[in-house]
Structure formats: C-alpha cells, structure tokens
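[1] pasting a predicted model and its sequence here:
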Amino acid sequence: MKVVIVGGVAGGATAAARLRRLDENMEIIILERSGFISYANCGLPYYIGGTITDREELTLQTPQSFYNRFRIDVRVHNEVISIDANKKTVVVRNLVDNQEYEENYDKLILSPGAKAIIPPLEGIDNQKVLSLRTVEDTFKIDDYIKGHSVKNVVVVGAGFIGLEMAENLKEKGMNVTIVQLMDQVMAPLDKDMASIVHNYIRNKGVNLLLETSLERIVEKSNKTYAILNNQKELEVDLIIMAVGVVPENSLAKDIGIDLGIKGAIQVNEYMQTNIKDIYAVGDVVEVKHFVTQNKAVISLAGPANKQGRIVANHICGLKTSYKGSQGSSILKLFNMHIASTGLNERDAKDAQIDYDYVILTSASHATYYPNSKSMFVKVLFEKQNGLIIGGQIIGFDGVDKRIDVLTTAIRAQMTAFDLTELDLVYAPPFSSAKDPINMAGYAIENILLGKVEQIHWDQVKESDNLLDTRTKEEYEQGHLSNALHIPIDELRERINEIPKDKLLYIYCQSGLRSYLACRILLQKGYRCKNITGGYGLYENIEKNKVISSKGTGPCGL
C-alpha cells in the first residue's frame, strides 16, 4: 500500500510515524511545501523573543532524521497543487526548480493546516507588515528585527500568537501596542476572567486597545503609521498580523470534498472525507465539540496529533475513532498562566444549556509554605445535575495541573460531587489538603444542595443591600461605598446591626468568608446571597471598564 500525506507538521507527521509502526512494508510519502516538518508552532514566538536560541530546536524532526528513523520519504519544498480523486493521483510542484510531477496513491491524507488571515487593507503589502505561522515566518521576523531599528510594534489580534508575540517583543525592549477588534483578549475566556488578563497586560507596560481595528497602513515623511478605526495614528517600525487563521481548504474545495463551518473539511469519526480513500486531519477539519456535540473548528496541536494516529489506525484496520475536541489550552503570558477547557459561557448559552458557575480564588499550594500564589478558578456546571462542562484558570503557579484535572473530569463526564471526592496529591510545596479543584466541587455542591445561594457581580445593583465581611485593612484599601462593613470574625456579636427584613448580598475578597457569613445569617433567619468571586474579581472587572489604554493599576492577583 502507498500512502501520500499532504503536510508534514503535527497531524501529518504523526500519521506517518504511526503508519510505519503498524506496517513496516508500507510506502509512505510526505509532501510539505515549507522547508520544515514536525515543527512546534507554539514555540515560534519564543525564538523571536530569545528564549529559544537555536534554530534547530524549533523542529522535532528533519527530513533526514525522519527517514533514518522511519524510512519515510519526506519531500520539503514540494507543494501539492491538484488532486485527481478518480485516478488517485496528485500533481506536485517542486518549489526549488518549479518542476511539476505526478504521484499516485492508495490512500491520501490531507493535513495542510490553516493559513493566517491577512485582511485586504490599504498598505498591507508594506515590508513592515509580517505574520507568524511557519518556521520561515519566524526567521523572517527575526531577521527583520536584527536588520532594522525596531522600537514601536503593533500586534493586530490578541489570541495565542498575538499575546505571545506581544510578550516576547516587549521582553526585547520594544514599545508594544495590541490592537484587538473584540472587547476582550483570548476568545476562550469569559469577559470576567479576561479582565484579569487585561489589567495584567497593561501592568506589564503593553498598550492594549480593545474594540479597535487596524484600518490602513500609510507612509508619511519616511515614517510608517498604523491608522486605527478611531483615526488614531501610531508610528510603527513593525506590524505583526495575528488576527487568526482559516482552514487551508483549496485542494479539498477543488475536488468537491464536503466543507463545513469556516470552510473546514467535514470528516467522520475515522477522519474520512466524503471521497473514498481521502482522509483529513488537523487545523483543516471540522470536529464535534466533546461537550455539546456541535460542530466546531478547534486549531490546536493536541487534537491534530490524536487525529493523525486515528487515521493511521483506520488505514491499517484498527477502528479507533475521534470522539471530539474540548479546546483544552494554556498560555504563558510573562509570568501569568492562562488556561481553559470545555465550554465558556458563550458556548453554554449557544448550546442552550441551563448552567451556572463558581469563581474561587485559591492558593497554588499551602499558604504556610513559601511562594504560594493565588489563582482564579472558574468552573461551569449544569444546574440540573452538577455535570462539569467547562473551566478557566488564571494564576502564576499550578494552573496547568488543575486545568488538566478539569479536562479529565469533563472527558469522564464527572459532576461537582465527583470533584469533592478526587484523591489528589498533597504536600505543602505542591498543593493544599483540599485542592482548589476539590474546593470548586465543594462550592458547587453547596449551591446544588441549597446550602447557599449565589449571585454574580453583573447581577448586583448599587441599590442592593451589601455586606462587606473583610478585615478593616482590606476594607480601607478599597470597598463599595454603599456596603455595610462587618468583619466575619465580628459578625455574630454585631448581627443586630444588619436589617433582617431585607435580602443581603455578601462579599469578601474571594468568596469564602462571605460564604461563611451566609451560613451564619441563614441559620439566624436572615436572607442572603453570596457574591461569586468576591471583591478581588470585582476590582478586576471594574478596573478593566475604566482603565485607560495605558493604565497601570494592579491586576488584583
């Protein structure tokens, strides 16, 4: 059998290696139009920033090393320009000598990935406008920076690549402005969690412009300016376009392969297209979201690698199937770690799920052990049964392992009650005896069992009867002007100061002490609701509303 693979990065390279492990006699050819295979897209910004210093470290394999290990014919700078599904052939152009040739196949795997979106703006072809998608793009940006005096940079887009580029260019001493069309960074996050990131970005000296777009690039008096939709002009030495990607579907479209949302290739659970003997994997395919089973396009390396393995299994007679993507991801932004999995609130609403969520501020490990750091943990659950459907965590330590627990919980279709019972590892340098994931389970359990009612900050009004249960020192550092202040440790002795005929909305810094206050008051005949996330979350949300694009207020963590 002869298998031809179009594209040799995550999905394509994984499929090829798995095919060889399953069949030593199979003829396998990888056709890759760039000069590199099996490279780590996620690591590209860190080469530009200088964290990764050796160009060779960006590639996990070379054509020669891949051949030496697997005896697979890898042809870089070879672009497939057309497919004949009836003849089962592809036409390939050698980009070195521009010669074309034909290659036949028994099975064809499409793994061309996605391409960067470059909007058709005036001046977009300026040599100072670059994008980052491939290793060649990385070297081009790096060479440009080394060959020019680059001081002012505009990064257009605030997804993974945009934020990573902003970080790395700022670390190199440049003045960085992020221009983002949406009202928040990182679409997988909810607005309340994104506000924490916004304040942190600005604290780091990065100019963040939300609900702003790049309109055109102009040259005036030997200087380059980025003109924004508010007519503001920014003098720039470099513009990085990072507005997103779209599936590279031209080959599929030309031969009538069925396409879905965003033009992605439709596949079944074995990654087969509607055309016999043609498979597709990676950023080019439409998948099912694991939680909702709705169609989605999720461009991440993890799913691409899994899909490549499933295709190889199917070709070799093993019927493993792809059960969907959760969108699990994590980003390092300066020292902050930002992670998410499953559904956010927008997704849950679109899927018409009756959901709620909790937000906790938890310590990364035992607070009496040095260097404990706070993290915000948001967990979404179904109201009916407590089923965990999504999670977002922002902090500076221990974020990765907690998001992985939530990812596993969603995959295993666990409930909040299950989270309370997880026997997670504990030692003071690593965690607390009650891990933040356990604590999230407890918080949801209390809501489901009716032990406390909660309310979210966007539902609180100025006229509500607010009770602040923090310490005097915390209260003096900032508080809601209309809130009655009674520290939790004084509550029982001062309970008569609280009106018993009104519904109380109670907050502390994180939500824990206010929960304790609710339990005391409920058992004394009061009516109350605990405000999710506490004053720490409120601070971030409010700062994000009023802060200028050059704001320097603390992030609240």
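    Sure, I can see it.

[2] from residue 370, how far off is residue 408?
    The spacing between residue 408 and residue 370, counted by C-beta to C-beta, to the nearest Å, is 29 Å. Using the backbone N, CA and C atoms, a C-beta is placed for each residue, glycine as well.

[3] compare the two (neighbour count), which wins?
    residue 408 (14 against 9; other C-beta atoms under 10 Å).

[4] look at the more buried one and give its secondary structure.
    helix (DSSP: H, G, I helix; E, B strand; the rest coil).

[5] pLDDT score assigned to it?
    On pLDDT, residue 408 comes in at 98.

[6] show me what the residue nearest the centre of the chain is bridged to.
    Nearest to the geometric centre of the chain sits residue 329, at 4.6 Å (C-alpha atoms, centre = their mean). For residue 329, the beta-bridge partners are residue 340 (DSSP bridges).

[7] residues in contact with it?
    Residue 329 is in contact with 160, 188, 300, 339-341, counting by C-beta atoms under 8 Å, 6 or more residues apart in numbering.

[8] what of residue 369?
    Here residue 369 is in contact with 428-429 (C-beta under 8 Å, 6+ apart).

[9] equivalent analysis for residue 469, please.
    Applying C-beta under 8 Å, 6+ apart, the residues contacting residue 469 are 486-488, 491, 506-508, 513-514, 516-517.

[10] and if we set it to 10 Å?
    Contacts for residue 469 (C-beta atoms under 10 Å, 6 or more residues apart in numbering) come out as 475, 483-491, 506-509, 512-518, 520, 534-535.

[11] and if you look at residue 475?
    468-469, 483, 485-487, 535.

[12] quick one: it from residue 484, how far?
    11 Å.

[13] residue 171 too?
    Distance from residue 171 to residue 484, by C-beta to C-beta: 46 Å.

[14] residue 413 too?
    Distance, residue 413 to residue 484, by C-beta to C-beta: 43 Å.

[15] neighbour count: these two, which is higher?
    With neighbours defined as other C-beta under 10 Å, residue 413 and residue 484 compare such that residue 484 has more, 16 against 12.

[16] tell me how far that one lies from residue 492.
    15 Å.

[17] buried residues, stretch 430-448. List them.
    430-432, 435-448 (16 or more other C-beta atoms under 10 Å).

[18] now, these that are in helices?
    When DSSP state H is applied, these are split such that 436-448 fall in helices.

[19] just the CA coordinates of stretch 113-121, formatted as CSV?
    Extracted C-alpha coordinates of stretch 113-121, given in CSV (Å, rounded to 0.1, in the frame of the first residue of the first chain):
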residue,chain,number,x,y,z
GLY,A,113,-3.2,23.0,8.3
ALA,A,114,-4.6,26.6,8.4
LYS,A,115,-3.4,29.8,6.9
ALA,A,116,-3.0,33.2,8.6
ILE,A,117,-5.8,35.7,7.9
ILE,A,118,-4.4,38.8,6.1
PRO,A,119,-7.2,41.3,5.6
PRO,A,120,-7.1,43.3,2.3
LEU,A,121,-6.2,46.6,3.9
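
[20] can you give me how far it is from the chain middle?
    Put simply, stretch 113-121 sits 19 Å off its chain's centre (C-alpha atoms, centre = their mean, to the nearest Å).

[21] go on, stretch 273-281?
    28 Å.

[22] what of stretch 465-481?
    Here stretch 465-481 is found 34 Å from its chain centre; the criterion is C-alpha atoms, centre = their mean.

[23] again, but for stretch 396-408
    13 Å.

[24] buried ones in that stretch?
    Counting neighbours by 16+ other C-beta under 10 Å, stretch 396-408 gives 396-399, 401-403, 405-407 as buried.

[25] using JSON lines, please lay out the residues you listed together with distance to residue 290 and secondary structure.
    Shown next, in JSON lines, are the buried residues of stretch 396-408 (distance: C-beta to C-beta, whole Å; DSSP: H, G, I helix; E, B strand; the rest coil):
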{"residue": "396", "distance to residue 290": "29", "secondary structure": "coil"}
{"residue": "397", "distance to residue 290": "28", "secondary structure": "coil"}
{"residue": "398", "distance to residue 290": "25", "secondary structure": "coil"}
{"residue": "399", "distance to residue 290": "21", "secondary structure": "helix"}
{"residue": "401", "distance to residue 290": "20", "secondary structure": "helix"}
{"residue": "402", "distance to residue 290": "19", "secondary structure": "helix"}
{"residue": "403", "distance to residue 290": "15", "secondary structure": "helix"}
{"residue": "405", "distance to residue 290": "16", "secondary structure": "helix"}
{"residue": "406", "distance to residue 290": "13", "secondary structure": "helix"}
{"residue": "407", "distance to residue 290": "10", "secondary structure": "helix"}
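
[26] re earlier: which of the contacts of residue 475 lies closest to residue 167?
    Ranked by distance to residue 167 (C-beta to C-beta), the contacts of residue 475 are led by residue 535 at 28.4 Å.

[27] contacts only, for that closest one.
    Going by C-beta under 10 Å, 6+ apart, residue 535 touches 361, 457, 468-470, 474-475, 477-480, 483, 507-511, 514, 542, 556.
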